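Participant: Only the shape, not the letters, is given here:
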């Protein structure tokens, strides 16, 4: 799989007020992160033709250069870790690691967690790196795209300690075609997956049965007109990609399975069927409670739902394809305690560290399979081991990180504008269209034409604020404006406004055409 090649947020090009806000947020987090108890945070995990493969796991034994160990300072080392993990994981990790012989060997006396949102990571790392005593040592969790971005920015140091090299022999080089270890061009290790994740949806059987819905098996099933019969009370749940990295990855998967135009038709209809949540965790909670019948989720949210409501909830790997991502841990170039930081990395990758994921309140998929045989926590989680083995056998696609990165910002904000912001108009139209089709008032061909008219991105005409020219949202257009959307907030806001207005006008026009046809 190709390395992700996203361009980082330009710190210099941002207008002054944005810089002040970002720095103030970073400074506040850094200043107030001294207490040992990690603050609560929210997890959003957190991703073309289709080629399906049988998932395989390969482990490569490699000899790597190692660093020599230096004597740790007598006053004790406090590690600072940038993370996307929630407080339950962080509390357990600190308690367990500080009690290990590795922590004592390197005189590590505390860990300070920095739960920063991904858009602020680069600025936070650089800002802290210029303040003695506040340099950040490790980044942990946040997905491969974010870590490849840090690598491109030159913020990831080489991992080469003897402790890490001992345990890395147990880590697969890749799973389902996705790298679990990222190397630079010189063969140096820059990040290692600490957990794996798949993407699918979680169902509530009782809610499906209540309305007579068939159990969905594919992504496209969530776009079915059948789910429109309960509107305006949605039975599908999704999260806005501008608020959720895991949902961003799922929409990218759909686009790579079905192609640009057909993929957007599915995503738009799925959004029309759905309640759109601000957090991916809220989708999971809604399925558990039975507020909705199905919600798109990352795997560990699905496993949590199964544990909390085992009679009703089930996590499903879509038969039309998914991917398996490695969720990395890495050493930062700003670290002043590289040996100690790598000791923590080694522990996270070891069976003892991987036992964190076995906690019933966490339910992450480990990257080191030895946890299932060598720890009591792993031996007790036969359900998670079965899920791990099912993941290895799932239908996966040849997913291109490079392609995903080339359209990611454009995709996220186009969804926000045309689905989230224009949701009332979209859902009203979709309900009437679906019911007209299901009742036989329109034919399959007519239904397909209406879907194309309302959801084909290449038919949505808008004015590009940068050029003043009329254009449509083709794949090439998305790629051409992706970087500018990332760098220029004013441009992005103008574009979102333009897209929202164009989408609402399109939905209203299609709705009027439908009503004139069916009376």
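Facilitator: Nice, thanks for sending it over. If you're wondering where the values come from, they're calculated on a predicted model, not measured in any experiment.
Participant: Could you pull up the residues touching residue 238?
Facilitator: By C-beta atoms under 8 Å, 6 or more residues apart in numbering, the contact list for residue 238 reads 247, 270, 271, 274, 275, 276, 277, 283, 295, 296. (C-beta placed from N, C-alpha, C; glycine too.)
Participant: Tell me which entries of these lie within helices.
Facilitator: 247, 270, 271, 283 (DSSP state H).
Participant: Can you flag the buried ones in the residues you listed?
Facilitator: Taking 16 or more other C-beta atoms under 10 Å as the criterion, what is buried in those is 247, 270, 271, 283.
Participant: Closest one of those residues to residue 187?
Facilitator: Among those, residue 247 lies closest to residue 187 (C-beta to C-beta), at 34.5 Å.
Participant: so how far is residue 208 from the closest one?
Facilitator: Here the criterion is C-beta to C-beta, to the nearest Å. By it, residue 247 lies 21 Å from residue 208.
Participant: what's the answer for residue 172, then?
Facilitator: For residue 172, the distance to residue 208 - C-beta to C-beta - is 35 Å.
Participant: which of the two has more neighbours?
Facilitator: Taking other C-beta atoms under 10 Å, residue 172 and residue 208 do not tie; residue 172 has more neighbours (22 against 18).
Participant: Buried residues, stretch 257-265. List them.
Facilitator: Here stretch 257-265 shows 257, 258, 260, 261, 262, 263, 264, 265 as buried, counting by 16+ other C-beta under 10 Å.
Participant: Kindly indicate which of those residues lies nearest residue 356.
Facilitator: The closest of the buried residues of stretch 257-265, once distances to residue 356 are taken by C-beta to C-beta, is residue 257, at 32.3 Å.
Participant: Quick one: mean pLDDT for the helix or strand hosting the closest one?
Facilitator: Taking DSSP states H and E as the criterion, residue 257 maps to helix 245-258. Helix 245-258 comes out with an average pLDDT of 95.
Participant: by contact count, what packs against that helix?
Facilitator: strand 189-204, strand 236-239, helix 260-273, strand 294-298, strand 395-397, helix 401-415 (3 or more C-beta pairs under 8 Å, 6 or more residues apart in numbering; DSSP states H and E).
Participant: same thing but at 6 Å, please
Facilitator: helix 260-273 (3 or more C-beta pairs under 6 Å, 6 or more residues apart in numbering; DSSP states H and E).
Participant: what does the helix it packs on rub up against?
Facilitator: 220, 222-223, 227, 236, 251, 254-255, 258, 419, 426-427, 430, 451, 455-458, 475 (C-beta atoms under 6 Å, 6 or more residues apart in numbering).
Participant: Quick one: buried ones out of those residues?
Facilitator: Here, 16+ other C-beta under 10 Å leaves 220, 222-223, 227, 236, 251, 254-255, 258, 419, 426-427, 430, 451, 455-457, 475 buried among those.
Participant: Can you list the low-confidence ranges for the stretch 51-200 of the chain?
Facilitator: 51-74 (pLDDT under 70).
Participant: just the strands in the stretch 351-500 of the chain please.
Facilitator: Under the criterion DSSP state E, counting those that start in this stretch, the stretch 351-500 of the chain contains strands at 365-366, 395-397, 461-463, 470-472.
Participant: Quickly find the element holding residue 182.
Facilitator: Assigned by DSSP H and E, residue 182 falls in strand 181-183.
Participant: Could you give me the buried positions within that strand?
Facilitator: Buried-residue list, strand 181-183, by 16+ other C-beta under 10 Å: 181, 182, 183.
Participant: and which of those is nearest residue 471?
Facilitator: Nearest to residue 471 among the buried residues of strand 181-183, with distances taken as C-beta to C-beta, is residue 182, at 35.9 Å.
Participant: partner residues bridging the closest one?
Facilitator: residue 191 (DSSP bridges).
Participant: I figured residue 319 hits residue 216, correct?
Facilitator: No: the pair residue 319 / residue 216 is not scored as a contact, 9.7 Å apart, by C-beta atoms under 6 Å.
Participant: who has more neighbours, the two?
Facilitator: residue 216 (23 against 16).
Participant: For the more buried one, grab phi and psi.
Facilitator: Backbone torsions of residue 216, given as degrees, to the nearest 10, read phi -70, psi 140.
Participant: If we ignore the residues flanking it in sequence, what's nearest residue 416?
Facilitator: Of all residues not flanking residue 416 in the chain, residue 242 sits nearest, at 4.9 Å (C-beta to C-beta, 6 or more residues apart in numbering).
Participant: Spell out the secondary structure type for the one you found.
Facilitator: Recorded secondary structure, residue 242: coil (DSSP: H, G, I helix; E, B strand; the rest coil).
Participant: Tell me how many other residues surround it.
Facilitator: 16.
Participant: Against residue 150, how distant is it?
Facilitator: Taken as C-beta to C-beta, the span from residue 242 to residue 150 is 21 Å.
Participant: One more: residue 481?
Facilitator: 24 Å.
Participant: same check, this time on residue 402
Facilitator: Residue 402 is 17 Å from residue 150, by C-beta to C-beta.
Participant: more crowded one of the two?
Facilitator: Remark: of residue 402 and residue 150, residue 150 carries more neighbours, 23 against 14, as counted by other C-beta under 10 Å.
Participant: Now that the more buried one has come up, it's in contact with residue 144, right?
Facilitator: No: look at residue 150 against residue 144 with C-beta under 6 Å: they stay out of range, at 10.5 Å.
Participant: Could you list the buried residues of the longest helix anywhere in the chain?
Facilitator: Longest helix in the chain by number of residues, with DSSP H as the criterion: helix 489-518. Within helix 489-518, the residues that count as buried by 16+ other C-beta under 10 Å are 491-492, 495-496, 499-500, 502-504, 506-507, 510-511, 514.
Participant: Kindly report the same for stretch 214-233.
Facilitator: 216, 218-231.
Participant: Over to stretch 445-461?
Facilitator: 446, 447, 450, 451, 453, 454, 455, 456, 457, 460.
Participant: roughly how far is it from the heart of the chain?
Facilitator: 29 Å (C-alpha atoms, centre = their mean, to the nearest Å).
Participant: What are the contacting residues of it?
Facilitator: By C-beta under 6 Å, 6+ apart, stretch 445-461 touches 261, 264, 265, 268, 433, 437, 470, 472, 473, 474, 502, 510.
Participant: Tell me how many other residues surround the fifth one.
Facilitator: As a burial measure, residue 433 scores 26 neighbours (other C-beta under 10 Å).
Participant: I'd like to know how far residue 313 sits from residue 427.
Facilitator: 25 Å.
Participant: go on, residue 149?
Facilitator: Counting by C-beta to C-beta, the gap from residue 149 to residue 427 is 34 Å.
Participant: can you check residue 415 too?
Facilitator: 15 Å.
Participant: picking that back up, tell me the angle the longest helix of the chain makes with helix 401-415.
Facilitator: Angle of helix 489-518 versus helix 401-415, following axes from the mean of the first three to the mean of the last three C-alpha atoms, to 10 degrees, is 70 degrees.
Participant: ok, back up a step: out of the buried residues of stretch 214-233, name the ones that lie in strands.
Facilitator: Judged by DSSP state E, strands contain none of the buried residues of stretch 214-233.
Participant: closest to residue 157 among the residues you listed?
Facilitator: residue 219 (38.2 Å).
Participant: The closest one contacts residue 256, correct?
Facilitator: No: Residue 219 is beyond contact range of residue 256, at 11.1 Å (criterion: C-beta under 6 Å).
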